[in-house]
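1. Sequence first, predicted model second:
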Amino acid sequence: MSNVLVLVDHAGGKVRKTTAELLTIARRLGEPVAVYIGDGVQDALPALGQYGATKVIALTNPDLTQFLVAPKAEALQQVAAKLEPTAILISSNAEGKEIAARLAVKLDSGLITDAVDVQAGDGAGGSPVTTQSVFAGNYTVQAKITHGTPIITVKPNAASPEAAETTPEVEEFDVSVSDAAKTARITDSKPREATGRPELTEAAIIVSGGRGTGGDFGPVEAFADSLGAAVGASRAAVDSGWYPHAYQVGQTGKTVSPQLYVAAGISGAIQHRAGMQTSKTIVAINKDEEAPIFELVDFGVVGDLHKVLPAATEEVTKR
Ligand code: FAD
């Protein structure tokens, strides 16, 4: 069976949920081979095995983690030259997309970014068929790569992780990094202060607040915590200094696609929709029944979020 490379997204050996999603997708296309960059591969093995990685290629050359993305693209090029995969899957985050773009140039291959679904193509080894949501979610496009090794970046929540227990063997793989790739050294790196909530772009549930909160995100956070959700914000809330920019959802913020998106006190401007309208189920709470957000919701509550959210939190907490 053909190899499908999955670049592991991890923080010091802790494998992110997006990698479980990529491995699940990779199993539709062939044999998932995880490519792990950095230290801590042993810590990552259980999670990689749980989702069906048949093999783990460990790349421990320190240049790969001491510089920004260019060395990683070079390393993947060398792994691809050896394993001749039929596809390469990478998480659709800022780093993943830059690695993918550089790799596509190096392999003279087609690249598809921000896929929300990936299915096997026709025939053995046929190029996978991807689905993308483009032009602020107004069009759904299906595409496949017709030249080189398909390189696809996949958005979080594109698949539900499905376990398929394996015991992957680990293969240490030596890669060389050119001087040209070592031009941007990382001088410091610290994780954002932990909130105890899931990452916005990975979360299965997001509760977002807008100008309607009046600056009080307490009810939004409390409801989010009752559901184990991430918190998001509209630009109006961020620009008012009520919530940090890292949590902004929309055209100039994060694009999210959770199972459930709750918009509280958000009018539903096109720029906000651009970042959330591929969410599977959308719920809005707004005191104005004419608010445009109600055009795209699955469930809507016309009411004051300061009353609705605490009542909803109480109900959820009871269960
Ligand atoms: P408003 O539009 O002011 O809506 C507030 C809503 O809250 C109203 O519908 C009101 O009825 C409701 N409300 C008020 N009080 C309550 C209450 N007590 N209970 C319940 N409901 C209440 N916006 C983004 O969000 N993300 C982006 O990435 C983004 N990028 C942009 C890029 C560009 C180039 C431009 C021009 C704009 C961008 N915007 C973005 C801004 C966007 O156009 C809107 O201005 C913004 O989304 C409005 O935020 P809001 O819905 O919170 O505020």
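-> Nice, thanks for sending it over.
2. CA atoms for contacts and neighbours, from now on please.
-> Will do.
3. if I look at Glu221, how far off is Ala75?
-> The spacing between Glu221 and Ala75, counted by Cα to Cα, to the nearest Å, is 41 Å.
4. Mean confidence (pLDDT) on stretch 141-149, please.
-> For stretch 141-149, mean pLDDT rounds to 96.
5. no no, stretch 38-52
-> In the prediction, stretch 38-52 has an average pLDDT of 97.
6. How about it, which residues are buried there?
-> 38-41, 44-52 (16 or more other Cα atoms under 10 Å).
7. Determine how far it lies from the middle of the whole chain.
-> With Cα atoms, centre = their mean, to the nearest Å as the basis, stretch 38-52 stands 18 Å off its chain's centre.
8. CA-only coordinates of it in PDB, if you can.
-> What follows is stretch 38-52 as a C-alpha-only set of coordinates in PDB (Å, rounded to 0.1, in the frame of the first residue of the first chain):
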ATOM      1  CA  GLY A  38      12.100  17.600  17.300                       C
ATOM      2  CA  ASP A  39      12.500  15.900  20.700                       C
ATOM      3  CA  GLY A  40      10.000  13.800  22.500                       C
ATOM      4  CA  VAL A  41       9.000  11.200  19.900                       C
ATOM      5  CA  GLN A  42       8.600   8.500  22.500                       C
ATOM      6  CA  ASP A  43       6.000  10.700  24.300                       C
ATOM      7  CA  ALA A  44       4.100  11.100  21.100                       C
ATOM      8  CA  LEU A  45       4.100   7.400  20.100                       C
ATOM      9  CA  PRO A  46       0.900   6.300  22.000                       C
ATOM     10  CA  ALA A  47      -1.200   9.000  20.300                       C
ATOM     11  CA  LEU A  48       0.300   8.300  16.900                       C
ATOM     12  CA  GLY A  49      -0.300   4.600  17.300                       C
ATOM     13  CA  GLN A  50      -3.800   5.200  18.500                       C
ATOM     14  CA  TYR A  51      -4.800   6.800  15.200                       C
ATOM     15  CA  GLY A  52      -3.100   4.300  12.900                       C
END
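9. which of the residues in the helix or strand harbouring Leu309 are buried?
-> Mapping Leu309 onto the secondary structure by DSSP states H and E places it in helix 305-318. Buried residues in helix 305-318, defined by neighbour count with 16+ other Cα under 10 Å: Leu305, His306, Val308, Leu309, Pro310, Ala312, Thr313.
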